[in-house]
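A.B. asks: This is the structure alone, sequence omitted:
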DNA sequence: ACAATAGGCAAGTATCTACTTGCCTGTCAA
DNA sequence: TTGACAGGCAAGTAGATACTTGCCTATTGT
């Protein structure tokens, strides 16, 4: 349990995808592919990116909504909270400026 | 960069080691081995656990201090903060009860 | 000194993971 | 309806990762 979350975060490409979705929410698979290629020099097949997105979705980090032939991807960071709940002391202090 | 942190967290045995160090700080390799075995039924060679500890140390999640023939391991959760700094919105609200 | 204890190094193996390629399905515009 | 576009499924492959075994070093107690 929680295994999928940490597995999802383990890959650098997947973390970059999360970065992209954090910057612009609701992107399609092709948009993400293009951005990975343009902005990060990641020349990866569409299939590979699709598989990464599936893992991110399985981890609950990405939510999807289908509209016609498009599938939009949105970031959901709430699963990350479990990390801090598990190992307290890792939270940014509530009293910091 | 930051790669070692996520790689370190990716393995369930390593996460259990972090749990154990969170519960009792300053354990030796043998103590950790025993606890993994007794409390979690993980019958793993001493070498395997040692390698896991090395990865956790490389990620900055574990700090070590040597005293004679003993090597004590301490948890350091500060690297985890980078996760929330990278994807904001994942922090537990400061205003929650 | 010697045996026991705590730990480290290195090489081998077996499984897992990322990525590819080829083909198939569903949606939309002309 | 036909072609183009967005996406999905499945099998194969190369490289990474977890774990083991065997041997070596350093510290400590008797």
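C.D. replies: Arrived safely, thanks for sending. This one's a predicted model, so the numbers in the text were calculated from it and none came from an experiment.
A.B. asks: For chain A, what lies in contact range of chain B?
C.D. replies: The interface of chain A toward chain B, taken as Cβ under 8 Å from any Cβ of the partner chain, is made up of A:3, A:6-7, A:9-10, A:12, A:15, A:18-19, A:22, A:75, A:77-78, A:80-81, A:83-92, A:94. Where you see a C-beta, it was placed from the backbone N, CA and C, and this is true even at glycine.
A.B. asks: List only buried entries from those residues.
C.D. replies: The neighbour count (16 or more other Cβ atoms under 10 Å in any protein chain shown) marks A:6-7, A:9-10, A:15, A:18, A:75, A:77, A:80-81, A:83-84, A:87, A:90-91 as buried among those.
A.B. asks: among those residues, which are in strands?
C.D. replies: Under the assignment DSSP state E, those contribute residue A:75 to strands.
A.B. asks: Between the buried ones among the residues of chain A next to chain B, which sits nearest residue A:53?
C.D. replies: For those, the residue nearest residue A:53 by Cβ to Cβ is residue A:18; the value is 10.4 Å.
A.B. asks: Hmm, residue A:61 and the closest one touching each other?
C.D. replies: Yes. Residue A:18 is within contact range of residue A:61, at 6.4 Å (criterion: Cβ atoms under 8 Å).
A.B. asks: residues contacting the residue nearest to residue A:9 when sequence neighbours are not counted?
C.D. replies: Using Cβ to Cβ, 6 or more residues apart in numbering or on different chains and skipping the chain neighbours, the partner closest in space to residue A:9 is residue B:6 (5.0 Å). Residue B:6 sits next to A:6, A:9, A:10, A:15 when contact means Cβ atoms under 8 Å, 6 or more residues apart in numbering or on different chains.
A.B. asks: what does residue A:29 give?
C.D. replies: Residue A:29 touches A:46, A:49, A:50, A:53, A:71, A:73, counting by Cβ under 8 Å, 6+ apart.
A.B. asks: Could you check the pLDDT of it?
C.D. replies: pLDDT recorded at residue A:29 is 98.
A.B. asks: mind checking how far it is from residue A:51?
C.D. replies: Remark: distance between residue A:29 and residue A:51 (Cβ to Cβ, to the nearest Å) = 11 Å.
A.B. asks: Could you do residue A:33 as well?
C.D. replies: Taken as Cβ to Cβ, the span from residue A:33 to residue A:51 is 12 Å.
A.B. asks: and the residue of chain A nearest DNA strand C?
C.D. replies: residue A:68 (2.3 Å; Cβ to the nearest atom of the strand).
A.B. asks: hmm, back to that, can you tell me which of the contacts of residue B:6 lies nearest to chain B?
C.D. replies: Lowest distance from chain B to those (Cβ to the nearest Cβ) belongs to residue A:10, with 3.8 Å.
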